[in-house]
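Participant: Need a 3D model of the sequence below.
(chains A and B)
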Amino acid sequence: EPEVTQTPSHQVTQMGQEVILRCVPISNHLYFYWYRQILGQKVEFLVSFYNNEISEKSEIFDDQFSVERPDGSNFTLKIRSTKLEDSAMYFCASSARPTGGNQPQHFGDGTRLSIL
Amino acid sequence: DAKTTQPPSMDCAEGRAANLPCNHSTISGNEYVYWYRQIHSQGPQYIIHGLKNNETNEMASLIITEDRKSSTLILPHATLRDTAVYYCIVRVRGSQGNLIFGKGTKLSVKP
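Facilitator: You can find the predicted model right below:
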């Protein structure tokens, strides 16, 4: 069964450094999402992406964050200057069509980001 | 935020059916009910979704009441590997359907 893959599984970075998290969505999907989950807390929406542009973003997704689909398969989340509070699990998801319209999102297993 | 209410935790004996309830009394006519689960800190795993009819797939069954104000996810023969947090989601925000997760139900399957 096709799945969303994320790399690396664990990333350790010094505060203030840039980090790029990578995702390969399911191949025929067109809608892409990033979520995060701080340890012990709820899964929170960050950003959705369609047709090479951001569709929606949450308040968490400030100027330090950016997303890109650099080629036909990868979808990346960049944090420009990491802060301690960016430590979390980051999940990528994809769907064939918008989820509100009877189309589930499928998630990767996440990247654990640890900021020192 | 979430328009759903789920019990915080439930236990189930291995091999028995696990019935996980969800109240969504303010659901609107075009909102689907989605169920996901999260095992440890893995990514949320899609289980099933429905609008008004009952649904069944290889993982579970979804029973939605006629008034659509509540639903039940049924795992027919729970195994230890079904121990997870189960999320019932009816609220999707934005045109792309950004999922809003609540706290879910922690299901513990015991031998």
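
Participant: check contacts around residue 106.
Facilitator: You didn't say which chain, so I picked chain A. A:3, A:4, A:26, A:29, A:93, A:94, A:95, B:46 (Cβ atoms under 8 Å, 6 or more residues apart in numbering or on different chains). Where you see a C-beta, it was placed from the backbone N, CA and C, and this is true even at glycine.

Participant: wait, I meant chain B there
Facilitator: Residue B:106 touches B:8, B:9, B:10, B:84, B:85, B:86, counting by Cβ under 8 Å, 6+ apart.

Participant: Which helix or which strand is home to it?
Facilitator: strand B:105-110 (DSSP states H and E).

Participant: Can you mark which positions in that strand are buried?
Facilitator: B:105, B:106, B:107, B:109 (16 or more other Cβ atoms under 10 Å in any protein chain shown).

Participant: returning to what we had before: list, out of the contacts of residue B:106, those positioned next to chain A.
Facilitator: With the criterion set as Cβ under 8 Å from any Cβ of the partner chain, no member of the contacts of residue B:106 is near chain A.

Participant: just the buried members of those?
Facilitator: Once neighbours are counted (16+ other Cβ under 10 Å), the buried part of the contacts of residue B:106 comes down to B:10, B:84, B:85, B:86.

Participant: any low-confidence regions in chain B?
Facilitator: Within chain B, the set of residues satisfying pLDDT under 70 comprises B:1-2, B:91-96.

Participant: try it again with 80
Facilitator: Chain B contains residues with pLDDT under 80 at B:1-2, B:41, B:91-97.

Participant: Go ahead and flag the most central residue of chain A.
Facilitator: In chain A, the residue lying closest to the centroid (Cα atoms, centre = their mean) is residue A:34, at 3.0 Å.

Participant: you'd agree it is up against residue A:94?
Facilitator: No: under the criterion of Cβ atoms under 8 Å, residue A:34 is not in contact with residue A:94, lying 10.6 Å apart.

Participant: I would like a PyMOL command selecting only the buried ones among the contacts of residue A:106, please.
Facilitator: Selecting only the buried entries of the contacts of residue A:106 in PyMOL, with 16+ other Cβ under 10 Å as the criterion:
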select buried, (chain A and resi 4+26+29+93+94+95) or (chain B and resi 46)
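
Participant: would you list the contacts of residue A:106 in CSV and tack on secondary structure?
Facilitator: As requested, those are arranged in CSV below (DSSP: H, G, I helix; E, B strand; the rest coil):
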residue, secondary structure
A:3, coil
A:4, coil
A:26, coil
A:29, coil
A:93, strand
A:94, strand
A:95, strand
B:46, strand
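
Participant: Adding distance to residue B:60, write the contacts of residue A:106 out as TSV.
Facilitator: As requested, the contacts of residue A:106 are exported to TSV (distance: Cβ to Cβ, whole Å):
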residue	distance to residue B:60
A:3	19
A:4	21
A:26	21
A:29	23
A:93	20
A:94	22
A:95	20
B:46	11
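
Participant: Centre of the chain to the strand holding residue B:106, how far?
Facilitator: 13 Å (Cα atoms, centre = their mean, to the nearest Å).
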